[in-house]
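Undergrad: any chance you can model this:
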Amino acid sequence: MPTSLVNLDALIPREDFEVADEVTGFQTATTLKISDLDKSAFLYSALRKPDFQRETANWSPQIVCDFVSTFLNGDLIPAVILWQSKSNVFVIDGGHRLSALIAWVHDDYGDGKISGEFFDNRIPAEQRKNAEKTRALVKKSVGTYVEHQLAVQYPDQAKPDVRQRAKRLGSLAIALQWVSGDSNKAEASFFKINQQAVPIDPTELKILKARHYPNALAARAIIRSGTGHKYWAKFEADKRSEIEKIAKEVNTYLFTPELQTPIKTLDLPVAGKGYSAQTLPLIFDLVNLANGVGMERRVPKKKKKAKGAPAEANTNAPALVPDADGMDTIKFLKNTRRVMYRISSDHPSSLGLHPVVYFYSLSGRYQPTSFLAVVSLIREFEEKDLFTTFTQNRRAFEDFILKYKTFSNQVTVALGSGIKGFARLEQLFSAILTEIAGGKAEGEIIEALRKDDRFRFLKLSESELEESRKEFNTEVKSATFLKDALTNPVRCKICGGLIHLNAMTIDHIISKKDGGTGQLENAQLAHPYCNTTFKEQGHTAKAAISTS
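TA: Numbering: from 1, shown residues only. Purely as a prediction, here's the structure:
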């Protein structure tokens, strides 16, 4: 999977099949020319993607460039499959192919006029970078669309290769095939065709089919910070506004600051790259976990089952139905925001969990399984009221999981990145915390894990980095920085845990009510939760005694 992706999602608008379910009997074209994709062309103005079509953002700059070159050189291109209803022409298969050519015609590789309007002019830096890279590759390889137009008008001033291609452009075309029947047949054709070519990720397939449900709507809103295609456009204006406001806030908690590799700072986002093929499935899982959808939960302490008994489904999980008015989507967003408040924010409830400790490997790779495990762990803390226990033992807990960082990766390798993986990792984190809170030393904890059937596969030493390499790759560079940066990180003066810029407060050592001043000598850094709830309740963290 390419790590640098070009976002062409804005270039063909989305439309709901359900509002265009009227089959026409007109004769349809059999080919599509490049001029049909110009901004004034009738066909381009009618092109639509189904609203369940996955985001057109899975091609790298080089793939986009190669495809444009393939078309201009007259090489064979598979037919694009369309379906017509009313005045709309829906792309059933070939969205990336058409979008790449549209990008060339409009000089918009995710950062042009169409994309700017689509994303409310809030285009991520990485999206702009990938767009510029694509533009440069295309210009070097075949030249721009405008250059080819000018070559027709002023052939004497054009480069020979551009002039020759410009003459061929009028005869070059992509073959078209048409799906007949109603919207149900067209939708069935879409999923069948797309599963045959490049199978859709199972989680993404759930998102596509749940497009009218609050969990999918919330995830879609969060992923693009309330911009892009408005899947929630049918709701009333006040509901739309609230959805976009909360989504933008949650997106900020997840993806700010922006991830740059190799890693040269401890100021990392808690959810990794905000711009990758894996991001939407991650956010969908986050929304589901935050709202108890489709996930098995441990039974709360007061209903404790016998050892070895299977987990019970969360009976409080909402029965999902399509969201008719936006209220359920707003509720799902608020629940997700509440979880993110806890994980990393400036909200008084924030634990300020440092991404380096919990969500990244020793080599700087983002670990989505760890993120989901922590989201699930937060819910366990809420069910069992473990926030005080966690804070009192946080320094020792974080030191332990930093030392045995490879455990997270081993769980993912053994059980996968799905529910089995993060559920087992949550159990591992919970078991470690329980042992530490019980006063166990490191050796005793390791021995307890070895005896636990759930964790017998864990190994105490495992390198994440390849040995046989002469050049320093990105992971080695990131690992080198992290190794040095973690020797003396900034810590909360109350609990001793690592502190992150997104969840950093200035605490009065001697409180104002006890006569404390606002002078430098009375100030210390602290997590929001430590500074408010934990401190005000008069608790003492074990780690703070040794680090104060």
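Undergrad: and for residue 328, nearest residue in space, chain neighbours not counted?
TA: residue 214 (3.8 Å; CB to CB, 6 or more residues apart in numbering). C-beta coordinates here come from the backbone N, C-alpha and C atoms, glycine included.
Undergrad: count of neighbours near that neighbour?
TA: 25 (other CB atoms under 10 Å).
Undergrad: who's in contact with it?
TA: Neighbouring residues of residue 214 by CB atoms under 8 Å, 6 or more residues apart in numbering: 320, 323, 328, 329, 331, 332.
Undergrad: got a markdown table for those residues, with pLDDT and distance to residue 365 too?
TA: As requested, the contacts of residue 214 are arranged in a markdown table below (pLDDT from 0 to 100; distance: CB to CB, whole Å):
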| residue | pLDDT | distance to residue 365 |
| --- | --- | --- |
| 320 | 86 | 33 |
| 323 | 96 | 35 |
| 328 | 97 | 35 |
| 329 | 97 | 32 |
| 331 | 97 | 34 |
| 332 | 98 | 29 |
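Undergrad: in helices only, show me those.
TA: Among those, the ones falling in helices (DSSP state H) are 328, 329, 331, 332.
Undergrad: any idea how far residue 141 is from the closest residue to the third one other than its chain neighbours?
TA: Closest residue in space to residue 331, ignoring its immediate chain neighbours: residue 214 at 7.0 Å, by CB to CB, 6+ apart. Between residue 214 and residue 141 the computed distance is 45 Å (CB to CB, to the nearest Å).
Undergrad: need the CA coordinates for stretch 510-517. PDB is fine.
TA: C-alpha atoms of stretch 510-517 as PDB (Å, rounded to 0.1, in the frame of the first residue of the first chain):
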ATOM      1  CA  ILE A 510       0.400  25.500  46.600                       C
ATOM      2  CA  SER A 511      -3.200  26.100  45.600                       C
ATOM      3  CA  LYS A 512      -4.500  29.700  45.400                       C
ATOM      4  CA  LYS A 513      -7.100  28.900  48.100                       C
ATOM      5  CA  ASP A 514      -4.100  28.000  50.400                       C
ATOM      6  CA  GLY A 515      -2.300  31.200  49.600                       C
ATOM      7  CA  GLY A 516      -0.300  30.000  46.600                       C
ATOM      8  CA  THR A 517       1.000  32.700  44.200                       C
END
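Undergrad: avg pLDDT for that stretch?
TA: Mean pLDDT, stretch 510-517: 86.
Undergrad: can you list contacts of it?
TA: By CB under 8 Å, 6+ apart, stretch 510-517 touches 508, 509, 522.
Undergrad: could those go into JSON lines alongside neighbour count?
TA: Below are those laid out as JSON lines (neighbours: other CB atoms under 10 Å):
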{"residue": "508", "neighbour count": "18"}
{"residue": "509", "neighbour count": "14"}
{"residue": "522", "neighbour count": "16"}
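Undergrad: helices - which of those residues land there?
TA: Per DSSP H, the contacts of stretch 510-517 never map to helices.
Undergrad: quick one: residue 360 and residue 366 touch, right?
TA: Yes - using CB atoms under 8 Å, residue 360 is in contact with residue 366, at 5.9 Å.
Undergrad: quick one, which of the two is more surrounded?
TA: Counted by other CB under 10 Å, residue 360 and residue 366 do not tie: residue 360 has more neighbours, with 26 against 21.
Undergrad: now the one helix or strand residue 372 maps to: buried residues?
TA: For residue 372, the enclosing helix or strand under DSSP states H and E is helix 368-384. Across helix 368-384, burial judged by 16 or more other CB atoms under 10 Å covers 368-381.
Undergrad: residue 359 contacts residue 366, doesn't it?
TA: Yes - in this structure residue 359 lies within contact range of residue 366 using CB under 8 Å: 6.4 Å.
Undergrad: find residues that contact each of those two.
TA: In contact with both residue 359 and residue 366: 271, 272, using CB under 8 Å, 6+ apart.
Undergrad: write a ChimeraX command that selects only the buried members of the ones in helices among the contacts of residue 214.
TA: To isolate in ChimeraX the members of the ones in helices among the contacts of residue 214 that are buried, counting by 16+ other CB under 10 Å, one can use:
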select :328,329,332
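Undergrad: so where's the stretch 301-450 of the chain uncertain?
TA: 301-319 (pLDDT under 70).
Undergrad: how's this structure carved up into domains?
TA: As recorded under automatic domain parsing, the domains making up the chain are 14-199, 245-307+322-542.
Undergrad: relative to residue 207, which of those is closest?
TA: Shortest separation from residue 207 across those is recorded for domain 245-307+322-542, at 5.3 Å, computed as CB to CB.
Undergrad: return the distance of that closest one from the chain's centre.
TA: Per CA atoms, centre = their mean, to the nearest Å, the displacement of domain 245-307+322-542 from the mean C-alpha position of its chain is 17 Å.
Undergrad: likewise for stretch 231-241?
TA: 23 Å.
Undergrad: one more: stretch 218-228?
TA: 10 Å.
Undergrad: check what pLDDT the residue nearest to residue 331 gets.
TA: For residue 214, pLDDT reads 96.
Undergrad: equivalent analysis for residue 28, please.
TA: So, for residue 28, pLDDT stands at 77.
Undergrad: show me what contacts the residue nearest to it when sequence neighbours are not counted?
TA: Counting by CB to CB, 6+ apart, residue 28 lies nearest to residue 178, which is 5.1 Å off, once chain neighbours are set aside. Residues near residue 178 by CB under 8 Å, 6+ apart: 28, 81, 82, 83, 84.
Undergrad: of those, which is the most crowded?
TA: residue 83 (28 neighbours).
Undergrad: any idea what that residue is bridged to?
TA: residue 90 (DSSP bridges).
Undergrad: so what pLDDT did it get?
TA: At residue 83, pLDDT is 91.
Undergrad: just to check, it is in contact with residue 182?
TA: No - counting by CB under 8 Å, residue 182 is not a contact partner of residue 83; they are 9.5 Å apart.
Undergrad: what's the farthest-apart pair in the buried residues of helix 368-384?
TA: Pairwise distances across those (CB to CB) peak at 20.2 Å, for the pair 368 and 381.
Undergrad: which secondary structure elements does the helix or strand that contains residue 187 sit against?
TA: For residue 187, the host element (DSSP H and E) is helix 183-197. Helices and strands touching helix 183-197, by 3 or more CB pairs under 8 Å, 6 or more residues apart in numbering; DSSP states H and E, are strand 47-50, strand 80-85, strand 88-93.
Undergrad: change it to 6 Å
TA: Helix 183-197 is packed against strand 88-93, with contacts defined by 3 or more CB pairs under 6 Å, 6 or more residues apart in numbering; DSSP states H and E.
Undergrad: burial count for the residue nearest to residue 172 when sequence neighbours are not counted?
TA: Spatial nearest neighbour of residue 172, excluding adjacent residues (CB to CB, 6+ apart): residue 74 at 6.0 Å. Neighbours of residue 74 under the rule other CB under 10 Å: 12.
Undergrad: quick check: the residue positioned nearest the centre of the chain vs residue 366, distance?
TA: The centroid of the chain falls nearest to residue 279 when counting by CA atoms, centre = their mean (2.2 Å). In this view, residue 279 and residue 366 are 10 Å apart by CB to CB.
Undergrad: and the residue nearest to residue 172, helix, strand or coil?
TA: When classified by DSSP: H, G, I helix; E, B strand; the rest coil, residue 74 comes out as coil.
Undergrad: okay, it: pLDDT?
TA: On the pLDDT scale, residue 74 gets 89.
Undergrad: also residue 541?
TA: Per the predicted model, pLDDT is 68 at residue 541.
Undergrad: do residue 481 as well
TA: 86.
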